[in-house]
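A.B. asks: please work out how this folds:
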Amino acid sequence: MHRRFIVIDIIAALIVVGGIVAVGIVVFGRSSGPKPTPFPTQALTQSPTPSPTPSPSSSHSAAPPTFGNWPTYGYNAARTRFDPLISLRPPFRTKWRYKAKALLEFPPSIYENDLYVCTEHGMVICLKAANRHVIWRYKLPPGSQFASTPTVDATSVYVTSLAGRFLVLNRLTGKLRWGLAGIGRSESSPLVWRGRVFFGSEDGNVYAMSLATHKLVWRYHTGGAVKGAPAELGGRIVVGAYDGALYCLSYNGNLLWRRSTSGVLSSNQFYATAALAYDTAYIGGTGGSIYAFALSNGGLRWSFATGGYVYSSPAVWRNLVFEGSYDDYFYALNAASGSLVWRFYAGGSVSGAPTVLNGIVYVSSFAGRTWGLDARTGRVVWRFGDGKYSPVTADQRTLYLNGYHTLYALVPKR
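C.D. replies: Numbering: from 1, shown residues only. This is a model prediction of the structure:
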């Protein structure tokens, strides 16, 4: 978006919750960029984006069954944070706890019954999902930190670091296979797609590396730090930057479109990772708004103003977009129109990304708690006394909840 802005319609929703009056403004319109392509209303289905490719069946008859993979931040390349195959619902009981002795800001990845998690103190840990047994650890030099979720495939674990290094580890042993140094600090969870791995960095670049040759294929320089993870849908890679612009790149690093948001309603930067669904890129910015851009051409579909910074990355499920704000509220918006469906007071800033599983949306806040809310209505279904950032990932049997320093394995009560 640019300063020249044509407002077609403004909807103001006044809501009173606990004596507090809040205003949510949905702006429909376009900037000096292109008119958005029509919203694909026929595509409003339960699973708006493809699921990760299933693990290949083992040829060894004694191999244990796999209960589902969550191989990357946001579940799939489109980062929608919704697994349609999981039927878990609360109430839960705690099966085990793993005390990491360090901040767990980002949730673990899951691959073939193993968990892969990064700690703030520079450790990648592989745990057996069944019993929290540590399979291996990989430690960066003292003072180094991780602030992302690993991406995992059959052979490797891909992870970025605040030490300015991109690392590829052996999935089974944790040994370093290859990597790239000197990229600048990075908390951009990698995207593995079509034989390449893509990630951003605070040096303003998006990098693409070949999985076959381990060499840099291309880099694209944006106008600001790239902190979020690249998202991909339909051959388009979307990433936000700290210049307040959203970038859409091709597989070969060509710019397909760029849309600026700074200066429209306020100054803005993108920390969050976009979620891609319904030919739309959904993302929140530090200016306090949640945006929806047409994935095909970058035209603005709508924006919704909250009362605080939006660091949270969105989840998308059944024509709903879920995202939190530093105004202490968690929002559910209509994916097509941006209108407010419901909101929930979280008692503290909502910084992490939500997850949707079987009609329950899970969210944590700086109040140090996690909630399971009915995704349709916002009604509280379940509470848990830990959590601060992105709360959960899951396989078909177990919910893995990210506490502040502790990882919990939760199973349904019988």
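
A.B. asks: please make it C-alpha for all contacts and neighbour counts, starting now.
C.D. replies: OK.

A.B. asks: got any ranges where the stretch 251-400 of the chain has weak pLDDT?
C.D. replies: By pLDDT under 70, the low-scoring segments of the stretch 251-400 of the chain are 263-266.

A.B. asks: quick one: contacts for Val159?
C.D. replies: Applying Cα atoms under 8 Å, 6 or more residues apart in numbering to Val159 gives the contacts 148-151, 166-168, 189-190.

A.B. asks: quick one: it is in a strand?
C.D. replies: Yes: per DSSP: H, G, I helix; E, B strand; the rest coil, Val159 lies within a strand segment.

A.B. asks: bridging residues for it?
C.D. replies: Beta-bridge partners for Val159, by DSSP bridges, are Leu167.

A.B. asks: and it, how far is that from Val381?
C.D. replies: 34 Å (Cα to Cα, to the nearest Å).

A.B. asks: now Leu216
C.D. replies: With Cα to Cα as the criterion, Leu216 and Val381 are 47 Å apart.

A.B. asks: again with Ser161
C.D. replies: Distance from Ser161 to Val381, by Cα to Cα: 36 Å.

A.B. asks: for Gly387, same thing?
C.D. replies: 16 Å.

A.B. asks: who's more crowded, these two?
C.D. replies: Neighbour totals were compared for Gly387 and Val381, and Gly387 leads with 27 against 16 (other Cα atoms under 10 Å).

A.B. asks: so which residue is dead centre in this protein?
C.D. replies: Geometric centre of the chain, nearest residue: Gly74, 4.2 Å, by Cα atoms, centre = their mean.

A.B. asks: state the pLDDT value of it.
C.D. replies: In this model, Gly74 is scored at 96, pLDDT.

A.B. asks: name the element it belongs to?
C.D. replies: Assigning secondary structure by DSSP states H and E places Gly74 outside every helix and strand.

A.B. asks: ok, now which ones touch it?
C.D. replies: 80-82.

A.B. asks: which one (most neighbours) among those residues?
C.D. replies: Thr80 leads these on contacts (other Cα under 10 Å) with 31 neighbours.

A.B. asks: so what pLDDT did it get?
C.D. replies: 97.

A.B. asks: using the three-state scheme, assign it.
C.D. replies: Thr80 - assigned by three-state DSSP - is coil.

A.B. asks: repeat for the one 5 residues further on
C.D. replies: Assigned with three-state DSSP, Leu85 falls in the coil class.

A.B. asks: find the nearest non-adjacent residue to it, please.
C.D. replies: The spatially closest residue to Leu85, leaving aside those adjacent along the chain, is Gln396, at 7.2 Å (Cα to Cα, 6 or more residues apart in numbering).

A.B. asks: mind checking how far that neighbour is from Asn131?
C.D. replies: On the measure of Cα to Cα, Gln396 and Asn131 end up 16 Å apart.

A.B. asks: just name the closest of the contacts of Gly74 to Gly122, please.
C.D. replies: Arg81 (25.0 Å; Cα to Cα).

A.B. asks: I figured the closest one hits Thr355, correct?
C.D. replies: Yes: Arg81 lies in contact with Thr355 (Cα atoms under 8 Å); the separation is 5.1 Å.

A.B. asks: next, show the common contact partners of the two.
C.D. replies: What both Arg81 and Thr355 touch, as defined by Cα under 8 Å, 6+ apart, is the set Ala315.

A.B. asks: all helices of the stretch 51-200 of the chain, in order?
C.D. replies: In the stretch 51-200 of the chain, no segments count as helices under DSSP state H, counting those that start in this stretch.

A.B. asks: shaky segments in it?
C.D. replies: Those would be 51-64, if you go by pLDDT under 70 across the stretch 51-200 of the chain.

A.B. asks: quick one: the strands in it?
C.D. replies: 92-99, 109-111, 114-119, 123-128, 134-139, 151-152, 156-160, 165-170, 176-181, 191-193, 196-200 (DSSP state E, counting those that start in this stretch).

A.B. asks: now tabulate those strands in CSV and tack on distance to Glu232.
C.D. replies: CSV is the format used below for these (distance: least, Cα to Cα, whole Å):
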stretch, distance to Glu232
strand 92-99, 32
strand 109-111, 18
strand 114-119, 22
strand 123-128, 25
strand 134-139, 28
strand 151-152, 14
strand 156-160, 17
strand 165-170, 20
strand 176-181, 22
strand 191-193, 8
strand 196-200, 10
